[in-house]
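> Okay, predicted coordinates and the sequence, questions at the end:
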Amino acid sequence: MKRLICLTACLLLLLPAVAGAVTVLTPSDDMPARLETAREAMDAMPVGRYGMTPITDVPDGAYAVRVESSSPYFRVVEATLTVSGGAMSADIVIGSTSYDRVRVGDEIPGEVRDGRTAFHIPVPGLNVAFDCAAHSVKRDQWYDRKLLIDASSLPEGTLPYPLPDYGLIEKALDAFLPDAQPETAEAQAVEPVAVNRPDGDYAIEVTLAGGSGRASVSSPTRMIVRDGRAYARLLWSSTYYDYMLLGGTRYDNLADDGGNSVFEIPIPMMDQPVEVVADTTAMGDPVEIRYQLTFYAESVGDVRQVPQEAAKSVLIISLVIIVLGGILNHFVKRGRR
């Protein structure tokens, strides 16, 4: 019985030390809101293409059209353009109920239809970007958007003149202006940002913007400090990314067990978007997709904030408790004999 009491006391003394292996460090209270705002700002993409000019001379009628949005969170999945007496308006439908009203000049309420939200908005012209602020139901906050109705999506023959091939114009410009492209890979090499922290492993919040919006990277992610400079070890939500490009350097997938893609890249700057390219084979043929990563300096904390590290710590604690519990159970049974 004395042994049982001693063992129980030891177990109780060990538990706080074992539990201390996991330290839950949380960012400041306003960090989620700041990250959400940063994601919204980072995801803002340009709409339209080079050479587009406003078109307003559309014949009266109703036309199904394609609408570009500057934000993947406010993606227009269906739109009908109506022209009457030269005045244009559009019924646009987004694929969610996340936004309940918009501002295009005046405030316009939405109408929920089968899990989607429709808005009837004025249209200043086609092939021209116009402001459309959207009110988030969840955040109770307005977000600035840009919308553009692509005139090339009008039915063939609607306009009395052909439209230019804007894609061909952009290709011609790229070929004609080689100075706009990086001269050499070496010229674009990036240097990791210096950080005032001892060498070692840390956790840092990171947001990903660009692409289709379906891919993501785990956050917080591991930040490694070597010689006073910061590197990130990124875990993607997909197994199909085989390399990343940052500046003129290629970084290959480090996951060799068939798991989700992992890359270690330098962090060139904090609190500003970092342009990267990630190559994916998810669609069959390799496709390079442009993304923007933003690392937040104020969020740097203990490496145990990284989800994978926290999972390891929980597993270790569980194993220790199971083993100690088994030992305790063994002595309890012996004491009953």
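Okay, I see it.
> just for this structure, where's the confidence low?
1-44, 173-188, 307-337 (pLDDT under 70).
> Give me the most central residue, it.
What sits nearest the mean C-alpha location of the chain, by C-alpha atoms, centre = their mean, is residue 208, with 3.2 Å.
> for that one, what are its contacts?
Neighbour list for residue 208: 215, 216, 217, 291, 292, 293 [criterion: C-beta atoms under 8 Å, 6 or more residues apart in numbering]. C-beta coordinates here come from the backbone N, C-alpha and C atoms, glycine included.
> Give me the phi and psi angles of it.
Backbone geometry at residue 208, expressed as degrees, to the nearest 10, gives phi -120, psi 130.
> what's the neighbour count on the residue nearest to it when sequence neighbours are not counted?
Using C-beta to C-beta, 6 or more residues apart in numbering and skipping residues adjacent in sequence, the residue nearest residue 208 is residue 217, 5.0 Å away. By other C-beta atoms under 10 Å, 22 other residues sit near residue 217.
> Over to residue 144?
For residue 144, using other C-beta under 10 Å, the count is 14.
> And residue 106, by the same measure?
Neighbourhood size, residue 106 [other C-beta under 10 Å]: 8.
> Could you do residue 92 as well?
27.
> Beta-bridge partners for it, please?
Beta-bridge pairing for residue 92 (DSSP bridges): residue 79, residue 119.
> That one contacts residue 79, correct?
Yes - counting by C-beta atoms under 8 Å, residue 79 is a contact partner of residue 92 at 4.6 Å.
> which residues are common contacts for those two?
If you check residue 92 and residue 79 against C-beta under 8 Å, 6+ apart, the residues they both contact are residue 67.
> quick one, what contacts residue 80?
62, 63, 64, 65, 90, 91.
> quick one on the thing from earlier: what sits opposite the residue nearest to residue 208 in the beta ladder?
Going by DSSP bridges, residue 217 forms beta bridges with residue 236.
> on that earlier part again, show me what the residue nearest to the centre of the chain is bridged to.
So, taking DSSP bridges as the rule, residue 208 has residue 293 as bridge partners.
> Relative to residue 76, how far out is it?
Separation of residue 208 from residue 76 (C-beta to C-beta, to the nearest Å): 22 Å.
> Just to check, residue 230 is in contact with residue 266?
Yes - Residue 230 lies in contact with residue 266 (C-beta under 8 Å); the separation is 7.4 Å.
> Looking at the two, which has the bigger crowd around it?
More neighbours surround residue 230 than the other of residue 230 and residue 266, with 23 against 20 (other C-beta under 10 Å).
> For the more buried one, what are phi and psi?
Torsion angles at residue 230 (phi, psi; degrees, to the nearest 10) stand at phi -100, psi 140.
> Quick check: the gap between it and residue 199.
If you go by C-beta to C-beta, the gap between residue 230 and residue 199 works out to 10 Å.
> what does residue 242 give?
Taking C-beta to C-beta as the measure, residue 242 falls 30 Å from residue 199.
> who has more neighbours, the two?
Neighbour tally, residue 242 and residue 199, criterion other C-beta under 10 Å: the higher count belongs to residue 242, 14 against 11.
> Out of the contacts of residue 208, which end up buried?
Listed as buried from those are 215, 217, 291, 292, 293; burial here means 16 or more other C-beta atoms under 10 Å.
> The fourth one contacts residue 276, doesn't it?
What that stands for is residue 292. Yes - between residue 292 and residue 276 there is a contact at 7.4 Å, judged by C-beta under 8 Å.
> quick one: contacts for the nearest residue to residue 146 once chain neighbours are set aside?
Counting by C-beta to C-beta, 6+ apart, the nearest residue to residue 146 once its immediate chain neighbours are dropped is residue 70, at 3.9 Å. Counting by C-beta under 8 Å, 6+ apart, residue 70 touches 44, 45, 46, 47, 129, 145, 146, 147.
> Distance-wise, check residue 70 relative to residue 291.
From residue 70 to residue 291 the distance is 16 Å (C-beta to C-beta).
> Kindly report the same for residue 140.
Distance, residue 140 to residue 291, by C-beta to C-beta: 29 Å.
> Likewise for residue 299?
Taking C-beta to C-beta as the measure, residue 299 falls 19 Å from residue 291.
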